[in-house]
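Chemist: Below are the sequence and a predicted model; questions follow.
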Amino acid sequence: MIVYITIIIAFILLQFIDETYPRLHSIIYTIFIFLFLTYLLINFIIPNTTQFISVVPTNLLPVFKLLMFSVILLIVSQIIEELLTDYEYTSLATILTFTTKAILLLAWLDHMKQFYSKFFSIMGLLS
């Protein structure tokens, strides 16, 4: 509930700033987005993730951590991409999206390295 109240108060303040100081609006809006993302990360995502980590079996823990990292990174990337698109930096938003997907692909490929080596060795034995 406090998150919604914070969003409503921030919206009212941003509308006030947009009417009084339109040139400062984009800077304050960007600062607010990053502060709000930090607030959500520190107060909600990290505590809930650590709570779920204690419940997950130890053999699934590396996959769970990588999955949580992927989800959080994709959500933050999407928010920043929309912010950049709003400011008409579409090429920078596209580069950010591509880079995020490449980072996630490399992280998952590195994690699955043992599986791929076993899989290809089995496939080599079958041929």
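Modeler: Noted; the coordinates are in hand. Numbers count the residues shown, from 1 in each chain.
Chemist: who touches stretch 45-55?
Modeler: 61, 64, 65, 68, 72 (CB atoms under 8 Å, 6 or more residues apart in numbering). All C-beta atoms are positioned from the backbone trio N, CA, C, and that covers glycine.
Chemist: would a markdown table of those residues with secondary structure be doable?
Modeler: Formatted as a markdown table, the contacts of stretch 45-55 follow (DSSP: H, G, I helix; E, B strand; the rest coil):
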| residue | secondary structure |
| --- | --- |
| 61 | helix |
| 64 | helix |
| 65 | helix |
| 68 | helix |
| 72 | helix |
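Chemist: Show me the two of those residues that sit farthest apart.
Modeler: 61 and 72 (16.4 Å; CB to CB).
Chemist: neighbouring contacts of the one helix or strand residue 124 maps to?
Modeler: According to DSSP states H and E, residue 124 maps onto helix 113-126. Residues outside helix 113-126 that contact it (CB under 8 Å, 6+ apart): residue 109.
Chemist: One more: stretch 78-92?
Modeler: So stretch 78-92 is contacted by 26, 30, 33, 37, 93, 96, 97 (CB under 8 Å, 6+ apart).
Chemist: which of the residues you listed tops the neighbour count?
Modeler: The most crowded member of the contacts of stretch 78-92, judged by other CB atoms under 10 Å, is residue 93 (20 neighbours).
Chemist: That one: what's its closest spatial neighbour, skipping adjacent residues?
Modeler: The spatially closest residue to residue 93, leaving aside those adjacent along the chain, is residue 84, at 4.0 Å (CB to CB, 6 or more residues apart in numbering).
Chemist: That neighbour: how many residues sit nearby?
Modeler: 19.
Chemist: avg pLDDT for the helix or strand containing it?
Modeler: For residue 84, the enclosing helix or strand under DSSP H and E is helix 61-86. Across helix 61-86, the average pLDDT comes to 91.
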